[in-house]
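1. kindly return the folded structure for what I paste below:
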Amino acid sequence: MPVFINDRTCLTYLIAITLSFIASLILGTILHEVGHAFAARLGRLQLREIRIGIGRIIWQFQIKNIDIVLHKYPIAGLVSIFPPLNSERRLEKLIYLSGGLFFNFIFLSILFYFLVAFRDHQCPNILLSTGVVVQISIIFINAVPGHIYIFGRKIPNDGLQIFQILISRKNETEVYRKQYLMRVLDYSEKNGTTPIFNEASERVAFLIYWNENSLHGNFDDYLQALEQELDSDLSSTERILLIDALVTGSLLRDTVNNIENLDRWTAEALSIRPTEDTLKASRGSVLIELNKVGEGLDLFSTLSSLDPFNKCCVLAYEALAHYKMGHPGKAEAIFRQAVSEHQSLPPAGQLCTPLIKRIAKALGLEMDRT
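-> Numbering: from 1, shown residues only. As a prediction, the model looks like this:
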């Protein structure tokens, strides 16, 4: 028996399909990100942020130190773990990356079940078919290896990250643990003892390695994670190393924030190891930022030996100190030395470029002139 469809019926179906498409897309997006979050918890990974949608932020809150951010248009999402996982925890990362696809597949299976169950009913069939197509599309976009653009960044999708893990043979764990152990021993008292590492030590070790090897896209994440680890159960030696990394990273910015915290942290570190040159350099730099120029220069005068990177930073702050004291000529001469040291640094040492530019601006100098 023929079915006659008038314009009104067509419009009704069109509206229903549109609403089904939007609802399925929103629900699929939410389930995908919830799947990642659930898998991260299952693998005992550190969840940092769950972000749903694009556009203007309409709601932001925290649950157990996890930032939940909801945007105006819930048609995309991102779950962040921190720090990024090393290759030793391959299984956990595979579970985490597959979690979103798994939840979408479960939802697709449910839709397909009801599609078969209501195959003789035209309206439910159309609505469910739309949902099935949307879920298949979400799975395809995330599973086929490639890149996606989200929140202004080009990032590998789940499929590409899974593929990279499966073919990767590099084990970074041994590298960053060894580097961290050497640094801790460098800071520790010469008593022949080896520090006993815990979970916090593991996180801090990888954080520092992660930053120095440019594995991050947002330096603020690095500093925020370091600051959170200050509440962890670390030895005094490890705490000094953590403070040094945190303060150094904060001073190498275009702008220096949380100067009160930097003041407190550097004072604490120096009280534990008052003879450590790198700690004295950090403390002196913070004092100069606080306009305690005399105290900062007094600390600088006690420095005995610095590596080229720290020497460059100290010279830049020494120039700033003399400028604040009303000696622009001397400040420019010292700043020229800092620029010379900066230009001789290897590519890894160019992290201090924002600091050099910031102090040049404070001195009223053009970089080309120096």
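2. which secondary element of this structure has the worst mean pLDDT?
-> helix 172-187 (a mean of 69; mean pLDDT, DSSP states H and E).
3. what's the following helix or strand after that helix?
-> Using DSSP states H and E, the helix or strand that follows helix 172-187 in sequence is helix 199-212.
4. helices and strands around that next one, which ones?
-> helix 172-187, helix 219-229, helix 236-251 (3 or more Cβ pairs under 8 Å, 6 or more residues apart in numbering; DSSP states H and E). The C-beta positions use only the backbone N, C-alpha and C, and glycine is treated the same way.
5. gap between that helix and the chain center?
-> Its chain's C-alpha centre and that of helix 199-212 lie 12 Å apart, by Cα atoms, centre = their mean, to the nearest Å.
6. for the remainder of this discussion, apply numbering that starts at 53.
-> Got it, the first residue is 53 from now on, which makes the last one we talked about helix 251-264.
7. returning to that earlier point: looking at the helices and strands packed on helix 251-264, which is buried most?
-> helix 288-303 (a mean of 22; mean count of other Cβ atoms under 10 Å).
8. contacts for that helix next, please.
-> 235-236, 239-241, 247, 252-253, 256, 259-260, 263, 271, 274-275, 278-279, 281-282, 286, 308-310, 314, 317-318, 320-321, 324-325, 328, 330-331, 334, 337-338, 341, 365, 407 (Cβ atoms under 8 Å, 6 or more residues apart in numbering).
9. what bits of the stretch 253-402 of the chain have low per-residue confidence?
-> 262-271, 399-402 (pLDDT under 70).
10. now the helices: where do they sit in it?
-> 271-281, 288-303, 311-324, 329-341, 345-352, 360-376, 380-396 (DSSP state H, counting those that start in this stretch).
11. quick one: contacts of the fifth one?
-> Looking back up the chat, that one is helix 345-352. Here helix 345-352 has contacts from 332-333, 335-340, 366, 369-370, 373, 376-377, using Cβ under 8 Å, 6+ apart.
12. neighbour count for the residues you listed - can I get that in a markdown table?
-> Output for the contacts of helix 345-352, formatted as a markdown table (neighbours: other Cβ atoms under 10 Å):
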| residue | neighbour count |
| --- | --- |
| 332 | 25 |
| 333 | 25 |
| 335 | 26 |
| 336 | 27 |
| 337 | 28 |
| 338 | 26 |
| 339 | 24 |
| 340 | 26 |
| 366 | 25 |
| 369 | 26 |
| 370 | 25 |
| 373 | 26 |
| 376 | 16 |
| 377 | 13 |
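13. identify, from those, the entry nearest to residue 63.
-> residue 338 (67.4 Å; Cβ to Cβ).
14. which residues does that closest one contact?
-> 299, 303, 311, 314-315, 318, 348.
15. hmm, try it at 10 Å
-> 299, 302-303, 308, 311-319, 344, 348, 351, 369 (Cβ atoms under 10 Å, 6 or more residues apart in numbering).
16. what's the answer for residue 318, then?
-> Applying Cβ under 10 Å, 6+ apart, the residues near residue 318 are 295-296, 298-299, 303, 331-339, 351.
17. the nearest residue to it once chain neighbours are set aside and residue 300, how far apart?
-> Closest residue to residue 318 apart from its sequence neighbours, by Cβ to Cβ, 6 or more residues apart in numbering: residue 335 at 4.1 Å. Using Cβ to Cβ, to the nearest Å, residue 335 is found at 12 Å from residue 300.
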